[in-house]
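In: Quick one: sequence and predicted model below, then my questions.
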Amino acid sequence: MARVVITGGAGFIGSHLVEAFLARGDRVVAVDNLLTGSRQNLARHEGSPSFEFVQRDVCQGIFLSGPVDAVLHFASPASPRDYLEHPIPTLKVGALGTHAALGLARAKGAKFLIASTSEVYGDPEVHPQSESYWGHVNPVGPRGVYDEAKRYAEAMTMAYHRVHGIETRIVRIFNTYGPRMRLRDGRALPEFLSQALTGQPVTVHGDGAQTRSFCYVDDTVAGILTVLEKAGPDPVNVGAPGEITIRELAQKVITATGSRSEIVFVPAMVDDPRRREPDLTRARALGWGPKTSLATGLERTVAYFREALAAERR
């Protein structure tokens, strides 16, 4: 039985990680200031002797007694809506929060994994994006607060690995979706689902020709665990192959929900990447690849959103 600390443990992916470690028989400490996370995501684990929740801003330090075997740093706003609304906390958690999480790992002799993002590639000039690509990021644009926070977090992680000998992992997570996404998170898929299920127009930014690839959360979590257990210090992409345009995604959501909503085009977001798809060569060499089709994952996510919207109306 290991003891695992997950910062951002009340968030979307963080809460699924909590569940995965508990299912393995590990003990989990979830640390979250609830800026964008929710205690409801962890409600099923309250009272479990293997689970502990600490409400704290990780930028202020993480202080725990007892042994720790692994620290997974997932604390950060992750949607454009969130990091545009909270630019300074986003930068701080990428810098000070990462420093605190690495400090805990060093003090405890624990393995460390940083949740990085495909956003480190910016608006890529290389396609698909491999981990050897250094990116094309606008550091002073509105999205730069998230992009550069994650790039800095990667650099600090490697510095701790090289200087202090900490066993570190960097996972670059591409677009992930599934149950427990916030209804109005601001990212394309939850926005489309909420709009379609409530009969509103489905709003596509720009011309909708920009592409993304979407990985179901169970597959993403399996990929993260594979990186933690099998990878070395170099970054590893975790995501799904196969591009889809945002316009095509909007139509799939309308079809999957049985909605009569129409697609409406609104102004493009600043510095919105035109193409995004991972090169999964490194991940596949570790024995991981996504298994859930977009159709299956979308069906499960629609069911969750229906129930969540119904609960909101009650």
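Out: Perfect, I can see it now. All figures in this text were calculated on a predicted structure; none of them were measured in a lab. Numbering: from 1, shown residues only.
In: can you give me the strands in the stretch 201-314 of the chain?
Out: Ranges of strands in the stretch 201-314 of the chain, per DSSP state E, counting those that start in this stretch, are 202-205, 211-212, 215-216, 236-238, 244-245, 263-266.
In: Please name whichever of these is nearest to Gly165.
Out: strand 236-238 (20.2 Å; CB to CB). To be clear about C-beta, it is placed using only N, CA and C from the backbone, and glycine gets the same treatment.
In: List the strands paired with that closest one, with their directions.
Out: When pairs are called by DSSP bridges, strand 236-238 turns out to pair with strand 168-173 (parallel).
In: Just the CA atoms of the strand it pairs with, as CSV, please.
Out: Below are the C-alpha coordinates for strand 168-173, written out as CSV (Å, rounded to 0.1, in the frame of the first residue of the first chain):
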residue,chain,number,x,y,z
THR,A,168,10.5,12.8,-11.8
ARG,A,169,7.9,12.4,-14.5
ILE,A,170,6.4,14.9,-17.0
VAL,A,171,3.1,14.0,-18.6
ARG,A,172,1.8,16.3,-21.4
ILE,A,173,-2.0,15.8,-21.3
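In: For Glu299, find the nearest of the strands of the stretch 201-314 of the chain.
Out: strand 215-216 (10.4 Å).
In: Can you list the strands that that closest one pairs with?
Out: Partners of strand 215-216 in its sheet, by DSSP bridges: strand 176-177 (parallel).
In: How far off centre is the partner strand?
Out: In terms of CA atoms, centre = their mean, to the nearest Å, the centre of strand 176-177 is set 8 Å apart from its chain centre.
In: try stretch 82-96
Out: When C-alpha coordinates are averaged (CA atoms, centre = their mean), stretch 82-96 and its chain have centres 15 Å apart.
In: what's it in contact with?
Out: Identification of contacts with stretch 82-96 by CB atoms under 8 Å, 6 or more residues apart in numbering yields 35-36, 58-59, 75-77, 142-143, 145-146, 148-150, 152-153, 156, 185-186.
In: hmm, 6 Å instead?
Out: Residues from elsewhere that reach stretch 82-96, judged by CB atoms under 6 Å, 6 or more residues apart in numbering: 36, 59, 75-77, 142, 145-146, 149-150, 152-153.
In: Look at it and report the distance between its end residues.
Out: Stretch 82-96 has an end-to-end distance of 18 Å (criterion: CA to CA, to the nearest Å).
In: Which positions in it come out as buried?
Out: 82-84, 86-87, 89-96 (16 or more other CB atoms under 10 Å).
In: want to throw those residues into TSV with distance to Ala30 and pLDDT?
Out: Listed next are the buried residues of stretch 82-96 as TSV, based on distance: CB to CB, whole Å; pLDDT from 0 to 100:
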residue	distance to Ala30	pLDDT
Asp82	19	95
Tyr83	21	92
Leu84	26	93
His86	20	97
Pro87	25	97
Pro89	19	98
Thr90	20	98
Leu91	23	98
Lys92	20	98
Val93	15	98
Gly94	19	98
Ala95	22	98
Leu96	19	98
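In: re the thing from before, minimum distance to Ala256: which of the strands of the stretch 201-314 of the chain has it?
Out: Using CB to CB, the strands of the stretch 201-314 of the chain put strand 202-205 closest to Ala256, at 11.8 Å.
In: how about the closest one: buried residues?
Out: 202, 204-205.
In: returning to what we had before: what's the farthest-apart pair in the buried residues of stretch 82-96?
Out: The most widely separated members of these, counting by CB to CB, are Leu84 and Leu96 (20.0 Å).
In: in this structure, which spans are helices?
Out: 12-23, 80-85, 87-92, 98-108, 144-164, 188-197, 217-230, 246-257, 281-285, 294-313 (DSSP state H).
In: Off-centre distance for the longest one?
Out: So that's helix 144-164. Worked out by CA atoms, centre = their mean, helix 144-164 lies 16 Å from the chain centre.
In: any residues touching that helix, and which ones?
Out: Outside helix 144-164, the residues that reach it (CB under 6 Å, 6+ apart) are 83, 87, 90-91, 94-95, 98, 102, 106, 114, 116-117, 119-120, 137-139, 166, 168, 170, 233.
In: Restricted to buried residues, select the contacts of stretch 82-96 in ChimeraX.
Out: Those of these that count as buried under 16+ other CB under 10 Å are selected in ChimeraX with:
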select :36,59,75,76,77,145,146,149,150,152,153
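In: CSV please, covering the contacts of stretch 82-96 and showing pLDDT.
Out: Shown next, in CSV, are those (pLDDT from 0 to 100):
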residue, pLDDT
Thr36, 96
Cys59, 98
Ala75, 98
Ser76, 98
Pro77, 96
Pro142, 93
Val145, 97
Tyr146, 97
Ala149, 98
Lys150, 98
Tyr152, 98
Ala153, 98
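In: now, among the contacts of stretch 82-96, which is nearest to Thr257?
Out: Thr36 (24.7 Å).
In: Is it correct that that closest one is in contact with Pro77?
Out: Yes. Thr36 lies in contact with Pro77 (CB atoms under 6 Å); the separation is 5.3 Å.
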